[in-house]
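In: here's a sequence, model it:
(one chain, ligands or ions: 1)
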Amino acid sequence: MCTSTHRPPFTLMCALLLAAAVFTGAAESASSDIVELLERTGAVLEWDEFTRTGVIWSGQDSISFAPGEPIAVANFHELMRIEPIVYQRGRLHVPETTFAALADRLSGPTDLVRLRPVRAIVIDPGHGGRDPGTHRTVTIGGETVTYYEKDIVLEMAKHLKAELEKLLDGPEIHLTRDSDVYLPLKERTEFAHSLRSDPLDNVLFVSLHVNASPLPWTDARGVEIYYLPATQRRQVLEEEIAASLEPEVSAILNDLKEEEYTVESVLMGKAVLDAIARDMPETPIERGVRVANFFVVREARMPSILIETGFINNREDLALLATSEYRQRLAVVIAAGIAAYVRDFEQLR
Ligand SMILES: [Zn+2]
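Out: Numbers count the residues shown, from 1 in each chain. Next up is the predicted model:
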């Protein structure tokens, strides 16, 4: 996974291992190697070699930084003026004053309970009303039936909501639509944003769709999950926070927040695939977690994934998707994956 030329989902994790291997040796004068800071505080470094940004985690507290920048950001919203950390020959050198400030910030008291609660989960059944999505007509025993994406995903979404409500006490679970109505894409993401009473509230966005390939029938089958790549820049920082900052600071903050959303989206997608692999051996997942540029994922300023639940023009997938029993089973398993992700997300990291 570390060798892919594209930005692989776990670049960060790979870079972390790499960083642990590289950041050894003596510190230079008037600065210390970041390893010393980590040892002193028991913190963990996530270093992204691709974007050259780092996040130091200590319990619930995080400090984001970029070498050469005179600011660091605590918990993704609180600015700290620092003497810049220096990246040199594969190592991170922390100036003395910065070392003291970060050590102090990282050794503060931590609250061990419900650290980053998820306020809401928005389930978005794709299409609806005059937009049926993809469809296929088949003749079974002389009877012709047409299956529409909008109906399949609506039924799944209702099961997913009910199941998540059973599994999770904390977050509110919402549907973007609960009937066969047309809903513009922008309204779906705007609805999700409206659920935040605070710009830093955690809201997750999960869109459900059915795949189709251009061929009349295809051998491709199974579940695919899409997330947005970090290189696809968005204004993820809420306007009210961005407006209160200097432009260059808000740009850096925006990049750091985006990086977090990308990592969180990949982790959520991975948790769903793990649940499917464990509980639904008949459903292939080799197509995996993929990079996408779908509107609903792009416009969601929050961890967000789009699940393609199967191919309508694959005969085996359609045979499964056509039944209420399978729609419910898949929803139950997706819910288990999302719930596992939420519990992980809310814990210490
Ligand atoms: Zn669709």
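In: and Phe311, how far from Met156?
Out: 15 Å (Cβ to Cβ, to the nearest Å). Heads up, the C-betas are built off the backbone N, CA and C, glycines and all.
In: what does Arg343 give?
Out: The gap separating Arg343 from Met156 is 22 Å, by Cβ to Cβ.
In: neighbour count winner among the two?
Out: Met156 (26 against 14; other Cβ atoms under 10 Å).
In: for the helix or strand harbouring the more buried one, packing partners?
Out: Using DSSP states H and E, Met156 falls within helix 149-167. Where contact means 3 or more Cβ pairs under 8 Å, 6 or more residues apart in numbering; DSSP states H and E, helix 149-167 is packed against strand 118-125, strand 172-175, strand 202-211, strand 304-311, helix 324-346.
In: show me the helices in this structure, by range?
Out: Secondary structure of the chain by DSSP state H: the helices cover 11-22, 34-41, 96-106, 149-167, 185-194, 239-243, 247-279, 295-298, 315-321, 324-346.
In: of those helices, give the one that comes closest to Pro67.
Out: Evaluated over the helices of the chain, closeness to Pro67 peaks at helix 34-41, with 10.1 Å, by Cβ to Cβ.
In: buried sites along the closest one?
Out: Within helix 34-41, the residues that qualify as buried are 34-38, 41, counting by 16 or more other Cβ atoms under 10 Å.
In: most tightly packed of the helices and strands packed on helix 149-167?
Out: strand 304-311 (a mean of 26; mean count of other Cβ atoms under 10 Å).
In: extract the CA atoms of the helix holding Met156 and return them as CSV.
Out: The C-alpha trace of helix 149-167 is given here as CSV (Å, rounded to 0.1, in the frame of the first residue of the first chain):
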residue,chain,number,x,y,z
GLU,A,149,-32.2,2.7,-8.1
LYS,A,150,-34.3,5.3,-6.2
ASP,A,151,-36.5,2.6,-4.7
ILE,A,152,-33.7,0.2,-3.8
VAL,A,153,-31.7,2.8,-1.9
LEU,A,154,-34.7,4.3,-0.2
GLU,A,155,-35.7,1.0,1.3
MET,A,156,-32.1,0.3,2.4
ALA,A,157,-31.8,3.8,3.9
LYS,A,158,-34.9,3.3,6.0
HIS,A,159,-33.5,0.0,7.4
LEU,A,160,-30.1,1.7,7.9
LYS,A,161,-31.7,4.5,9.9
ALA,A,162,-33.6,2.0,12.1
GLU,A,163,-30.6,-0.1,12.7
LEU,A,164,-28.3,2.8,13.6
GLU,A,165,-30.9,4.0,16.0
LYS,A,166,-30.7,0.6,17.7
LEU,A,167,-26.9,0.5,17.8
